[in-house]
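Engineer: With the sequence up front, the predicted model follows.
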Amino acid sequence: MNRKRVGILLILSFLMVSVAFTSTAEACGFHWWWRHGNKSPPTIIINSPEDGATLSGIVTVNFTAVDKRPIRWYQILIDGTVKSWSTLYVWNTTEESYGEHVITCRAIDRSWRWGEASITVTVDNRARDALKIMSYNIEASGTNPDWKQVVKEEDPDILVVVETGTWDDNDNYILNQVVNEFNTYFLDELPYTGYCAEDIQYATSGAAILSRIPIISFNQIPIVTLDDTTEYTVTHDFVEAVVNIDGIDVHIFGAHLKAMSGAENEFRRERETEGIINYMDSLGDVPIMYMGDLNSFSPDDTGDLAPLGDLGYGPMTMTMRPDDPIYGQYSSTVHNYTDVFRTLNPTDPGYSYGHQDAQYLSRIDFIVVNSYFEDRLINSTVGDTLTADTGSDHYSVDVFIQLDSITEPDSVPPAQVTGLSANTVSMSQIDLSWDANTEPDISHYRVYRDGVLNAQVLGTSYSDVGLDPLTMYTYEVSAVDTSINEGLKSSAITATTEEGGDADLVLINEFLPDPYALYTEEWVEFYNPQALDADLSAYILDDITTGGTNPYSIPAGTVIPAYGYLVLYQGATGVGLNNAGDTVNLLKPDGVTVIDSYTYSSSTDDVSYGRESDGSPTWITFTTPTPGAANIIILANGDSVLINEFLPDPNTLYTEEWIELYNPLGETVNVSGYVLDDITTGGTAPYTIPFGTTIPAYGYLVLYQSVTNIGLNNAGDTVNYLMPDGTTVLDSYTYTTSADDTSYGRETDGSSIWTTFDTPTPGASNGAGTGIGDLILLNEFLPDPNTLYSEEWIELYNPLSEVVDISGYIIDDLIGGGTAPYTIPAGTTIPAYGFIVFYQGTTNIALNNAGDTVNYISPDGMTVLDTFVYTSSADDISYGRETDGSSIWITFDVPTPGASNAGSLANGDAVLINEFLPDPNSLYTEEWIELYNPLGETVDISGYVLDDLIGGGTSPYTIPTGTTISAHGFIVFYQGVTNIGLNNAGDTVNYLMPDGVTILDTFVYTSSADDISYGRETDGSSTWITFDTPTPGASNFVPSSSGDSILINEFLPDPNTLYTEEWIELYNPLDVAVDISGYIIDDLIGGGTAPYTIPSGTVIPAHGFLVFYQGVTNIALNNAGDNVNYINPDGVTVLDTYAYGSSSDDVSYGREIDGGTTWTTFTSPTPGASNTGPTPLSSVELYAAISIIKRI
């Protein structure tokens, strides 16, 4: 059967299965939204409330969304803030300001199309029913069995309860239980929120407040101040809640005074009352309600209506009778207080029989108010429900109040707003401000953008966010009064947003999936790798896109500054990353296009995943996460490093002596400042290892005599490795003789046994590979080469941390059949974690396309150490382990002989021509073309074609097999490789598909200039410009034209052990790169050493550093004091200067923070890195924004 016929049958079979499966799925209730193109957004119908309605109290907002496909999610927004993720929202309008509000209902379908509708309503709670406020003693934390029923019958809006006792136990468990019970009972009312006193001593003490009105603050008052200024600790409790009633902040006090009778307790009640009166006076002229229990009223106030019991009437007399000859001296000097019940019920006794015992003929529960409530009190009752009359131990006291006087609104609008001004903050934000209107009844202001109402604000400023970059907007503002009269709009002004970067270039930089002790929640950090701010409004953060938590849409106005960071925490996003593995995705606002993604398979407590350095393609884990800051690898120190091997007597194999250090740890270590020496009491001078020197995990560092100047005596000597103090010996070895080209070394790396080696191994494992070749693995092989490869091959992998010798081991296909086995030659080694590839032209092993076996065999020719059997093959498809050394085998569309198995890569269709140089002169020796990968993943450009003018010019160049570009990375092709010659008088640069015909990207130029490149203004942008400072293999940027803003940031005048020469560091505080060609560095002007002129083409990146060493500048700073100057190219104008009076060994002078005004000294200098905090010891490698100029 031919291939064409097979293909047709497969297609027909697939269609039949698809139709059957789809029909069955829809019959079962599944809907395949992708089956048909859905181009219409959902239709939104707002059911309630009506557009233009006036609302008060509790309002239900609901809507219906109609669409051909299922809805992905819903939203209800009030004034732009998301309130609900469903089609229903119960809105408590009492928490909103009086005036107009915009309700927006939105739905997003499975095609990520948004449908929305908005209405405008007016909130007016001024004319609602009077509020009912209740004071009630529930006795000993609520032992009275009927108290909840009393509350349910009374149905108060605000309830102050006393004797709450144990309600604060177990994180207010009882309080919350009570609140939930009442909210369940009063389903059609506003819900209560509750607060109570804590750390209560007695069950009969304590106070709490339950309120349906917003509680602004809650305060417990355990200590009061008496008139003589002494402090008095209350035996029970006072609480204060500020409640916003119809826009008015009312201070409500809950008081529980000592319950027992007798002179001592009467004295306590009076002192506590004296103190709380003073506290209320300290608040000034504010509305006050004083509520509680166990106070008695004077007969002067109640007459015979409430006869005096034995609790004493001092507290109430102190509160309400400043003219009393005994207690008036303690009364308020600010407020006049009134007993609510007595004022509204002058002939009602109003007393309760405390504990249902007739001996207490005094009213116990009370509500007292200050004069603010005059004419606002409507009615007051005492325990008037059936349950209160028959079963309660206390009678509650209620009061109905109406704070607002309802009058006809005025019809006079406010004056026109003046003083409107705008300040452009960023590419997506403009800040507005204006003068406040002088009318006393101003409610709010309306902000109009381009003639359309954009916002309503209470103050006189507004930040407009989520704007488009480089766009001009027109603004007007009007004032609105409490009667909703709108004044004339202000004079219109315009403002233009700044230029913005490409948000598609933003990267996921670091994330924490498993917070434990260091962090309380998960987070994801983004990094902006460009010189322009990027607006991430509406971009989406998600975990695995086919499941997991709901995606999070980044709010409007969210901007990441150039080379800056944005950290989103789980508490805000709701995105939860699984500890057992998950994917982190950044998507475009369409919710489909993935900008960047990273998948992990496990997690560890407080360990983050992140790029090795900001924006790099390599991901690692960090034991010290850095949310919102640069990714830094904090390296271990070099104390564990060992002398591993050394050569004292080179002859024919080596031209100089050397010493090898070995790192026995599983992490990179920093050996900066550590010291090598021969015999410490003589011999040659010790050598200090330079700053920034590291040794990788299980790695080596070889230091040659031409660098160290250490000469080892042939007749015997000592090799020492010392601490940076130059005194403490960490490792040492003494020998007594030497032989030509024979090294001393540890028998195996890091062991305690020393021996000699006839074959030294500087920079490699001692005695490499002895007896451990059995652990080598088959890793990948290609049985059927076609176009990408010309012959078959087999790859072996070394999973060990040391070099392995595989001399004599055997590779074979089917044992006892097929081709002859191949014996690996003597001296063949594989480096640690390395690969070796054996091609068919060498081995003569032919793997059958129809299936075969690949074997790796012991030198005995019998023991099979590793094997893999396959049953078929395909053109240019390899078999290999899913990851190097893993047990899972898969096939690879893009084989990787001699490299790590990386899986299938994206193709190179999206790659762009980013920059090219047609006319090299002095800065460059040849032409070049740079390609850029704008995707968030590595792409394979094998077989793609570069060319100049098609059909003319030089021959096209086919990019070799295995060529890749990392995510958001670059690759540069030089003329010496491609043979493509670009004409100086004009030409075309083309990037084509592997077919050599289809053009994917092209640029035409008509002229050129020496060392001037053509390139995109920013990486991947559509705008092309020329660059005086080309950047092959790096991000395109336009250097600033002036270096006047550059600052002296740090300098070292007196190097000793840590440093071998003086240096001066400059810092660029700007957001753009700066060219400092021709600027001058000098010490004392008119004296000292000669000034140093900075060479042409010298650039400092944005927020970057540049270090000039004495070996380059010849500037010598005096230890006894000197000046450091940074001077304009005119040689006269001093732009920055610093004078010091003395210096200390290895201590630098520097700004306390980069670019700051305060100078200090640093015992741990940071050349080429930030002055703030610990310096990453591998800063040169980690920071792309760091340059160091030093003569080698």
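Structural biologist: Looks like it came in fine.

Engineer: Looks to me like D774 is in a helix.
Structural biologist: Yes. D774: assigned to a helix according to DSSP: H, G, I helix; E, B strand; the rest coil.

Engineer: looking at it, it is touching D860, isn't it?
Structural biologist: No. Counting by C-beta atoms under 8 Å, D774 stays clear of D860, with 10.8 Å between them. Every residue, glycine included, has its C-beta placed from N, CA and C.

Engineer: And the two? Which one has more around it.
Structural biologist: Counted by other C-beta atoms under 10 Å, D774 and D860 do not tie: D774 has more neighbours, with 14 against 9.

Engineer: Chain neighbours aside, what residue packs nearest to that one?
Structural biologist: Computed as C-beta to C-beta, 6 or more residues apart in numbering, the closest residue to D774 that is not its neighbour in sequence is L865, at 5.4 Å.

Engineer: before we move on, which element is that neighbour in?
Structural biologist: L865 belongs to strand 864-870 when assigned by DSSP states H and E.

Engineer: and the next element down the chain from that strand?
Structural biologist: strand 878-881.

Engineer: Off-centre distance for that following strand?
Structural biologist: Going by C-alpha atoms, centre = their mean, to the nearest Å, the spacing between the C-alpha centre of strand 878-881 and its chain's C-alpha centre is 38 Å.

Engineer: Show the average pLDDT along it.
Structural biologist: The average pLDDT for strand 878-881 rounds to 92.

Engineer: Quickly run through the sheet partners of that strand, with directions.
Structural biologist: The pairing partners recorded for strand 878-881 under DSSP bridges are strand 777-782 (antiparallel), strand 889-892 (antiparallel).

Engineer: want to try TSV for those strands, with mean neighbour count, mean pLDDT and distance to E439 as columns?
Structural biologist: Listed next are these as TSV, based on neighbours: other C-beta atoms under 10 Å; pLDDT from 0 to 100; distance: least, C-beta to C-beta, whole Å:
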stretch	mean neighbour count	mean pLDDT	distance to E439
strand 777-782	24	95	80
strand 889-892	15	88	75
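
Engineer: Of these, which is nearest H444?
Structural biologist: For the strands paired with strand 878-881, proximity to H444 was assessed by C-beta to C-beta; strand 889-892 is nearest, at 63.6 Å.

Engineer: Can I get the closest one as PDB, trimmed to CA atoms?
Structural biologist: The C-alpha trace of strand 889-892 is given here as PDB (Å, rounded to 0.1, in the frame of the first residue of the first chain):
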ATOM      1  CA  TRP A 889      13.600   6.800  26.900                       C
ATOM      2  CA  ILE A 890      11.900   8.900  24.200                       C
ATOM      3  CA  THR A 891      12.500  10.100  20.700                       C
ATOM      4  CA  PHE A 892      13.900  13.500  19.700                       C
END
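
Engineer: okay, now A580: neighbour count?
Structural biologist: A580: 10 surrounding residues under other C-beta under 10 Å.

Engineer: ok, the closest residue to it other than its chain neighbours - contacts?
Structural biologist: Nearest non-adjacent residue to A580, counting by C-beta to C-beta, 6+ apart: S602, 6.6 Å away. Taking C-beta atoms under 8 Å, 6 or more residues apart in numbering as the criterion, S602 is in contact with N579, A580, G581.

Engineer: Looking at the top strand by length along the chain now, give me its mean pLDDT.
Structural biologist: Identified as the longest strand of the chain according to DSSP state E is strand 231-245. Predicted confidence along strand 231-245 averages 87 (mean pLDDT).

Engineer: ok and the next helix or strand after that strand relative to strand 231-245, angle-wise?
Structural biologist: Counting by DSSP H and E, the next helix or strand C-terminal to strand 231-245 is strand 248-256. The directions of strand 248-256 and strand 231-245 differ by 140 degrees, with axes from the mean of the first three to the mean of the last three C-alpha atoms, to 10 degrees as the criterion.

Engineer: Strand 248-256 packs against which elements?
Structural biologist: Judged by 3 or more C-beta pairs under 8 Å, 6 or more residues apart in numbering; DSSP states H and E, strand 248-256 is in contact with strand 158-162, strand 207-211, strand 231-245, helix 263-282, strand 288-293.

Engineer: By neighbour count, which bits of it are buried? Give me those.
Structural biologist: Of all the residues in strand 248-256, those buried under the rule 16 or more other C-beta atoms under 10 Å are V250, H251, I252, F253, G254, A255, H256.

Engineer: again with stretch 724-732
Structural biologist: P724, L730, D731.

Engineer: from what I can see the second one touches V641, true?
Structural biologist: This means L730. Yes. Here L730 reaches V641: they are 7.3 Å apart, a contact under C-beta under 8 Å.

Engineer: Show me where the stretch 501-650 of the chain has its helices.
Structural biologist: Assigned by DSSP state H, counting those that start in this stretch, the stretch 501-650 of the chain shows helices spanning 570-573.
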